[in-house]
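Peer 1: Prediction below, plus the sequence it came from.
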Amino acid sequence: MLLEENKPLAPFTTLGIGGPARWFVSAASEEEVAEAASWAHEHGVPLFVLGGGSNLLVSDTGFPGLVLLVALRGISAAAPADDHGQVAERGVYRVAAGEEWDAFVERAAGENCAGIECLAGIPGTVGGTPVQNVGAYGQEVASSIERVRAFDLQDRRFAEFTAPECEFAYRRSRFNSTERGRYVVTRVDYRLTPDGEPTLRYADLQRAFPAGTRPRLNEVTATVRRIRQSKGMLMVEGDPDCQSAGSFFKNPVVTEDELRRIATAAAKEPPRFPAGRPDAATGTENRGLAKVPAAWLIEQAGFPKGFVLGAAGISSRHTLALINRGGATAGDILALRDRITAAVEARFGIPLEMEPVMVGF
Ligand SMILES: Cc1cc2nc3c(=O)[nH]c(=O)nc-3n(C[C@H](O)[C@H](O)[C@H](O)COP(=O)(O)OP(=O)(O)OC[C@H]3O[C@@H](n4cnc5c(N)ncnc54)[C@H](O)[C@@H]3O)c2cc1C
C-alpha cells in the first residue's frame, strides 16, 4: 500500500475544487481496501472513499484524514449466478467498483444487454452508482443491480447486499443515508436483459425515436450522450459548462398544499412529475406527493442559465449545474448555493436539498 501525504484533491474532482488529502491511498484490490481501512483505524483518522469525484464538493482546506481512491478494475461478462455455482448467464455482469461507469454502459449496450442504456454519459465509477442510485432519462440503476459487495469499515469485514437490502429510493440508498460512510463498495453485480428493448420513456428520447422504431441499444446510448452534451451534462474536454458536479440540487418532493403555494407565488402552475417509488428506508408512501423540477423553481426565483457570481456560476445550458468558471473555491460555490436556496425558500417556502457530497467541511 503506497501512502501519499498532502495530495491535492481538486484534480480528482469534476468541479476541479478542493484542498489536499492529509493522507491518500489508491486501492487496486480488496486486500488493499482492507489494509487502508486498518491503517485509518489504527491511526484513528477518518476515512473518505473517493470514486470518480463527479458528485463531490471538497472543502478548500481539504480532508484531514485518509482518502481511499477505489481503483479496483475488472469486468466479467458472465458472472457465476452465485459464489459457488458455475452457471454462466448472459446479461449478468460482475464489475469491479473502480471501473468507469460509462465504459461499462457502452460495453453492455454493445453486447445488446438492456437496462442501463439511458444512464450513458454519467461520469464516475461503477462503485459510485449504487451509492446515490444514479438515474437519468427514465432509468435508475437500482432496477439493474442484483448485488453489491462492500467492505464494512465498522465490523472490518466484507459484506454483500441484495438490491432490496440496498434500500434504494430517489438518489438514495443505505450507503448514503442510514449507513453513510460505513462501506467501501468493491464490486457490483448487474442483471441486464439480453436482447431487451431500450427504455424510451423520456420525452427527448421519444422525439429521437418515434413510436414504431426499434433502435439498437448503442444508438440509444449515443443519443443519450448527444442530449447530455447539448445540456453541458457530458464531460467534454474544454467545455466550461461541464466543470460541475452534475445536478447540484435534488428535485423536491412536495405535498398538494405546497404545490398550491408554489402555483400562487409563481402565478402559474409548476411542472410536476410523479414522486416515484416510496422511500424504501422509511416505508413512507409517496401518495399525494409530486416532484417539482428544482430547475424551474430556481429560474422562477430569478436565476437564469448563465448566472454568474464571481468565479462560480450556473451552467449556460443547465440551470441545475453550478460550475467552476475558473479558479473558483468551494467557498464561491457555497456562496452561490446559499443565494439560490435563500431565494427559492423566500419565494416558495421550499428548501432545496443539495445533491453532491460535501467533503472536509
Ligand atoms: C456532468 C455530470 C453529469 C451528471 N449526471 C448525473 C445524472 O444524470 N444522474 C445522476 O444520478 N448523477 C449524475 N451525476 C453525478 C455523478 O456522476 C454520480 O453521482 C456518480 O455516480 C458519482 O460517482 P463517482 O464515482 O464519481 O463518486 P464520487 O463523486 O467520487 O463520490 C460520491 C459519493 O459516493 C461515495 N462513493 C464513491 N465510490 C464509492 C465506493 N466504491 N464505495 C463507497 N462509497 C463510494 C463517495 O464517498 C461519496 O460519498 C453527474 C455528474 C456530472 C459531473
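Peer 2: Looks like it came in fine.

Peer 1: so what's residue 228 scoring on pLDDT?
Peer 2: Reading off the per-residue confidence, residue 228 sits at a pLDDT of 96.

Peer 1: burial count for it?
Peer 2: Per other Cβ atoms under 10 Å, the neighbour tally for residue 228 reads 21. Glycine gets a C-beta too; all of them are placed from N, C-alpha and C.

Peer 1: what sits against the residue nearest to residue 295 when sequence neighbours are not counted?
Peer 2: In this structure, residue 295 finds its nearest non-sequential neighbour in residue 319, 3.9 Å apart by Cβ to Cβ, 6 or more residues apart in numbering. Counting by Cβ atoms under 8 Å, 6 or more residues apart in numbering, residue 319 touches 295, 298-299, 303-305.

Peer 1: Residue 103 and the ligand, how far apart?
Peer 2: Per Cβ to the nearest ligand atom, to the nearest Å, residue 103 is found 13 Å from the ligand.

Peer 1: how many neighbours does that residue have?
Peer 2: Using other Cβ under 10 Å as the criterion, the residues surrounding residue 103 number 11.

Peer 1: From the ligand, how far out is the residue nearest to residue 295?
Peer 2: Counting by Cβ to the nearest ligand atom, the separation of residue 319 from the ligand is 14 Å.

Peer 1: How about the secondary structure of that residue?
Peer 2: In terms of secondary structure, residue 319 is coil; the call rests on DSSP: H, G, I helix; E, B strand; the rest coil.

Peer 1: what about it, distance to residue 45?
Peer 2: For residue 319, the distance to residue 45 equals 39 Å [Cβ to Cβ, to the nearest Å].

Peer 1: got it, and residue 217?
Peer 2: Here the criterion is Cβ to Cβ. By it, residue 217 lies 44 Å from residue 45.

Peer 1: and the two? which has more neighbours close in?
Peer 2: residue 217 (26 against 14).

Peer 1: so what's that one scoring on pLDDT?
Peer 2: Looking at residue 217, its pLDDT is 98.

Peer 1: Does it touch residue 112 like I think?
Peer 2: Yes. Under the criterion of Cβ atoms under 8 Å, residue 217 is in contact with residue 112, at a separation of 6.0 Å.
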